[in-house]
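Visitor: Sequence plus predicted model, see below.
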Amino acid sequence: MKVGDKVLLKVSSDYIISPDSWESDVKKLDNTVVTVTVKRNDSWYAIKEIDYSVPAAWLHEIPQSSGGTITMFITALQSFVTRPAAERGRGAGDDPRYYTGGTMPLRKSAGNMYSFVTHTWNPIKGKCFHDCTYCYMKQYPLGELRLDEREIKADLGEGNFIFVGSGTDIFAENVPGHWIIDVLNACLNHYHNKYLWQTKNPKRFLEFKSGFPENSIFCITLESNRHYPKIMGNAPTPEKRVESFSRLYNPRMITIEPILDFDLHDMLEMVETILPQQINIGADSKGHHLPEPSAEKVDRLIIALRDRGYYLTLKSNLKRVTGGIT
C-alpha cells in the first residue's frame, strides 16, 4: 500500500464513493457506518471498519477532493474515534444532532421530528419491507435488512425519550421475531428511558405486547383513510392498521404524515375507533407529488378533531398544503 493512494469508501458491494464524486456522494452517507477501503490494481483492500456512524458533516472536513491520502484519512478517523467520551460521536463543529459519550449509538433527534423525542435508535437496519414511495430513507444507500449486534449491546443511557426504528419499520412482516425480542430486551435493560414505537403494521404490537418497556408510547402512521397501493407499497391497508391498533390498550398516538387526500367522515371514524392521546399531522417534505387534500379539507379535519377534544401537533411542513390557514 502506497502512502499516496486515494481513499475510497465502500458502503456496500454496489455503492462506492471516490475522490472525484466525494462532495456530492458523501451527502448520502449521513449516519451510515462505512468501511474504509483502498482500490489499487483493480482489487479492493479493506483498511479499517469504523465502529461508529460517521456523520457526513464530519466527513466533509477531510480533503478528499483535493487529494486526501490513506495516511491522512486514517489519521483523521483515529482522531475521531479516540476522542474523549464527552466529545466522541460529534459531527463537524460539534453538531448537536449527534450523540456524545462512549459507544452509545443514539442520535440526537433533528429535523422534522417529534419535539418530545430526544434521540433516535436504529438497531435494525436496511431496506424497509413496506417500500412506501415517499420514504425519506430512499435517498440513502440501503442494504439487506439486518440486526446490528453492536447497537443491541450498546448503552442507551437514561432519562432519554428514544424513537426506536426511525429508519425502518421494525415491525414489518419480514422482520424476524427474535430480532424484535432482542430490541425489546435491550430497552428493558434501560428502563429509565421512554420509548416511542411507530409502525404501519400494529398487528405485531399485539404479538409482542407483553414484552415492551413500561414507559412506551405506541404510534401508527395513518396517511389517509383511503388505501393508495402504489404509494403505500407493501404496508397494510389503513383499515387493517386501525383494526389492530384499536385493540392495544396503551398510550396511543396517530401520525397523519404525509397527509394524503381523504374522506372526512371516514377519517374521523378511524380516529374515533382508536381514541389516541395525541395526533400529529404533517405533509410531504420531499416533493413526491402525492395526492394531497385541499387546504379547506385539512382545515375541516383539524377543526373537527379539536372539537372532539384531541390533542394535535401540526408539523411545520403542513403549511405548504394549508397555506398557513390552520
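Guide: Yes, it's here. Keep in mind that this is a model prediction, so the values were computed, not measured.
Visitor: so for stretch 215-224, what's the average pLDDT?
Guide: With pLDDT averaged residue by residue, stretch 215-224 scores 97.
Visitor: quick one: contacts of it?
Guide: Among residues not part of stretch 215-224, those counted as contacts by Cβ atoms under 8 Å, 6 or more residues apart in numbering are 191, 193-200, 202, 205, 231-232, 238, 241-242, 245, 248, 250-262, 267, 270, 274. Every residue, glycine included, has its C-beta placed from N, CA and C.
Visitor: Going by neighbour count, list what's buried in stretch 298-314.
Guide: 298, 301, 302, 305, 310, 314 (16 or more other Cβ atoms under 10 Å).
Visitor: All the helices of this structure, residue numbers only.
Guide: Along the chain, the segments classed as helices by DSSP state H run 22-25, 56-59, 70-81, 149-152, 177-188, 203-207, 229-232, 238-245, 264-274, 295-307, 319-322.
Visitor: for those helices, which one sits closest to residue 108?
Guide: Distance to residue 108, taken as Cβ to Cβ, is lowest for helix 56-59 among those, at 12.5 Å.
Visitor: Now for the buried residues of stretch 298-314: which two are most distant?
Guide: Distance extremes for these: the farthest pair is 298 and 310 at 14.8 Å, using Cβ to Cβ.
Visitor: Could I get the helices of the chain in TSV, plus columns for mean pLDDT and distance to residue 133?
Guide: As requested, these are exported to TSV (pLDDT from 0 to 100; distance: least, Cβ to Cβ, whole Å):
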stretch	mean pLDDT	distance to residue 133
helix 22-25	52	23
helix 56-59	45	24
helix 70-81	47	36
helix 149-152	90	28
helix 177-188	96	25
helix 203-207	96	22
helix 229-232	98	5
helix 238-245	98	16
helix 264-274	98	21
helix 295-307	97	21
helix 319-322	92	18
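Visitor: Now, of the contacts of stretch 215-224, which are buried?
Guide: When neighbours are counted using 16+ other Cβ under 10 Å, the contacts of stretch 215-224 contain these buried positions: 193-200, 202, 205, 231-232, 238, 241-242, 245, 248, 252-262, 267, 270, 274.
Visitor: Just give the number of residues close to residue 278.
Guide: Residue 278 sits with 17 neighbouring residues when counted by other Cβ atoms under 10 Å.
Visitor: so what's the closest residue to residue 270 other than its chain neighbours up against?
Guide: Nearest in space to residue 270, with sequence neighbours left out and distances taken as Cβ to Cβ, 6 or more residues apart in numbering, is residue 242 at 4.8 Å. In this structure, residue 242 makes contact with 220, 222, 270, 273, 274, judged by Cβ under 8 Å, 6+ apart.
Visitor: Compute the distance between the third one and residue 301, please.
Guide: By that I understand residue 270. With the distance defined as Cβ to Cβ, to the nearest Å, residue 270 ends up 11 Å from residue 301.
Visitor: How about the fourth one?
Guide: To residue 301, residue 273 is 16 Å away according to Cβ to Cβ.
Visitor: What of the second one?
Guide: Here the distance between residue 222 and residue 301 works out to 12 Å (Cβ to Cβ).
Visitor: care to break this structure down by domain?
Guide: Residue ranges for the structural domains of the chain, counted by automatic domain parsing, are given in the record as 7-81, 107-322.
Visitor: before we move on, the earlier item: want to throw the buried residues of stretch 298-314 into CSV with distance to residue 214?
Guide: Formatted as CSV, the entries for the buried residues of stretch 298-314 read as follows, by distance: Cβ to Cβ, whole Å:
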residue, distance to residue 214
298, 36
301, 33
302, 32
305, 28
310, 24
314, 29
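Visitor: Looking at the residues you listed, which one is closest to residue 117?
Guide: Using Cβ to Cβ, the shortest approach to residue 117 within those belongs to residue 314, at 16.5 Å.
Visitor: In space, what's closest to the closest one - neighbours in sequence excluded?
Guide: The spatial neighbour of residue 314 that comes closest, neighbours along the chain excluded (Cβ to Cβ, 6+ apart), is residue 281 at 5.4 Å.
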